[in-house]
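# 3D model of this:
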Amino acid sequence: MQEAYIVAGFRTAVGKSKRGGFRFYRPDDLAVEVIKGLMATVPQLEPNRVDDVLVGNAVPEAEQGLQFGRIISARALGFDVPGATVNRYCASGLETIAMATAKIRMGMAECIIAGGTESMSLVPTAGWKTVPSYAIAKDEPDYYLSMGLTAEAVASDYKVSREDQDEFSYNSHQKALAAIEQGHFKSGILPINVEEIYLDAKGKKQKRNYIMDTDEGPRADTSMKHWQS
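Numbers count the residues shown, from 1 in each chain. Modelled structure (predicted):
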């Protein structure tokens, strides 16, 4: 059995949903930019040597629909490179990496690009048309638990207090802010130039550009007092 190796890897910065720097940026466009940036770091790798592109996505519809894994591969690497979309909800991107590793180790491929892309700004969390099964909702309602209710159940089962959760969240923000300040994420984040069309105060169409290269989630003003208020 042959071994699988990670040769190179990139991601974009993580933007805030609805009001962040990527709020109007299509997720397939982001994926194409990242793959092109990735390939530029390995110039000796010809695109036709890539056996497959696996794209994880939790809500494959709207801007994320129409087998966009294949569309991403064609745009980023050329029409001859196949692509697939994988949906395992929050673990979709990780699942594509696991699948790529398994295929390479079993000799089914030699080079695969795997990861995920998602927009929580353009596509709602549960999609545009959520249609639960009546029988499941009636007989097995837990199947449709949201992540919020799942967290409540886990906290109850494992006796995780609100105070412990607040402390963990606060410390997580502090660690992320320290890592950003010290530049630990810089080498792994591909800067993306965003072009935004907007209307100014006079109703005139204007255009502006900015670079997204830093995660927007960590909050510098976070304190335990904020969490507990």
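
# Now do stretch 108-117: distance from first to last residue.
End-to-end span of stretch 108-117 (Cα to Cα, to the nearest Å): 24 Å.

# So for that stretch, what gets flagged as buried?
Neighbour-count burial for stretch 108-117, with 16 or more other Cβ atoms under 10 Å as criterion, is recorded at 109, 112-117. In short, each C-beta sits where N, CA and C put it, glycine included.

# what bits of the protein have low per-residue confidence?
Applying pLDDT under 70 to the chain flags residues 226-229.

# which residue ranges form the strands in it?
52-56, 83-86, 112-116, 192-199, 205-212 (DSSP state E).

# Mind checking the ones you listed for the one nearest to Gly37?
When the strands of the chain are compared by Cβ to Cβ, strand 192-199 sits nearest Gly37, at 8.8 Å.

# got the angle for that closest one vs strand 205-212?
Calculated by axes from the mean of the first three to the mean of the last three Cα atoms, to 10 degrees, strand 192-199 forms an angle of 160 degrees with strand 205-212.

# contact partners of strand 192-199?
Strand 192-199 has contacts (Cβ atoms under 8 Å, 6 or more residues apart in numbering) with 12-13, 21-22, 24-25, 30, 33, 205-213.

# Taking these, please make a PyMOL selection of just the buried ones.
The PyMOL selection below is limited to those of the contacts of strand 192-199 classed as buried (16+ other Cβ under 10 Å):
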select buried, resi 12+13+21+22+25+30+33+212
